[in-house]
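>>> Provided below are the primary sequence and the corresponding predicted coordinates.
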Amino acid sequence: MTATSRRRLLPWALFLVALAVTLAGVTPAAGAARLFFFVTLLGGIVAAAGLLGPRAQLAAALLLLSLVATQRLVERPLAVPPSSQWTTPLAGPGQVVRHTVRLPTGDPTWPRLWTRAAGAAVFVCARGPLTPEDGLLLHLGDEPVARLTQEQAFGTRPQPTSIGFYRIPVSRTLLERHPEAVFTLRRAPGSSPRPIDICGTFSYRPTAGPNSSAFFDGATWTSPGAEMGGRFLIEVRLEDAAGRPFSIWY
């Protein structure tokens, strides 16, 4: 083999080494995708560099190999995205789920919204079925609002034990007494021992800030906003005459 032949083959040898590096330890599906990308795009780049001369082609192959090796060898920890849905069990009277909603009662849009609204409701997401014996109580500030039961279940559920929303109608007067609406869920004394799962999700800019939700386990308060960028699914919705929500605050 002449020196000229070796110079021509060396870039392609480096290309094959880079291909072996990028395919090492990957699943068959990922390997097939990488192989297609490598051969069609990166192989084309190496071939096109040959039009500029052997040195340019060798430089392109060396750069490709170095980039692939860096990509495979350098540790790149990926942040685990927050869960889109999670639950916190409310097990006894000593525990509290709290969520604060900042209502725009002092904004000029507030009375205009009520010209369209037929009513308002608080929506709470929990795992069913809920019975009166479960004693799941909703308060707004220090005012009791409702004991949640399956009669307030909103929408269809695949199974009785599925999670879903519970709709609790509230008055405009009650909401206007609490522009900084602090909703709490707790279990009544003597309620059933079954833990009740309360749903949570992404925070999505809650009205009272990232720490608008909190959970008291009987000893300490923790915030799903600080721990997982989340909030409890407790929302205030204004509804039109057909029962469709047109403004939602959480």
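Perfect, I can see it now. Numbering: from 1, shown residues only.

>>> residues in contact with residue 135?
Residues in contact with residue 135 (CB atoms under 8 Å, 6 or more residues apart in numbering) are 147, 187-192. For every residue, glycine as well, the C-beta is placed using N, CA and C.

>>> for ChimeraX, what selects the buried ones among these?
With 16 or more other CB atoms under 10 Å as the burial test, the buried ones among the contacts of residue 135 are selected in ChimeraX as follows:
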select :147,187,191
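
>>> distance-wise, check residue 184 relative to residue 122.
In this view, residue 184 and residue 122 are 12 Å apart by CB to CB, to the nearest Å.

>>> list residues touching both of those two?
Overlap of the contact sets of residue 184 and residue 122 (by CB under 8 Å, 6+ apart) consists of residue 138.

>>> the two: which has the busier surroundings?
residue 122 (24 against 19; other CB atoms under 10 Å).

>>> which SS class is that one?
The three-state label for residue 122, taken from DSSP: H, G, I helix; E, B strand; the rest coil, comes out as strand.

>>> quick check, it in contact with residue 148.
No - with contact defined as CB atoms under 8 Å, residue 122 does not reach residue 148; the gap is 10.1 Å.

>>> can you give me the buried ones in stretch 201-213?
Residues 201, 203, 206, 208, 212-213 are the ones in stretch 201-213 that count as buried (16+ other CB under 10 Å).

>>> which two in these are spaced the farthest apart?
201 and 208 (15.7 Å; CB to CB).

>>> and the spatially most central residue of the chain, how far from residue 51?
Residue closest to the average C-alpha location in the chain (CA atoms, centre = their mean): residue 84, at 3.1 Å. For residue 84, the distance to residue 51 equals 50 Å [CB to CB].
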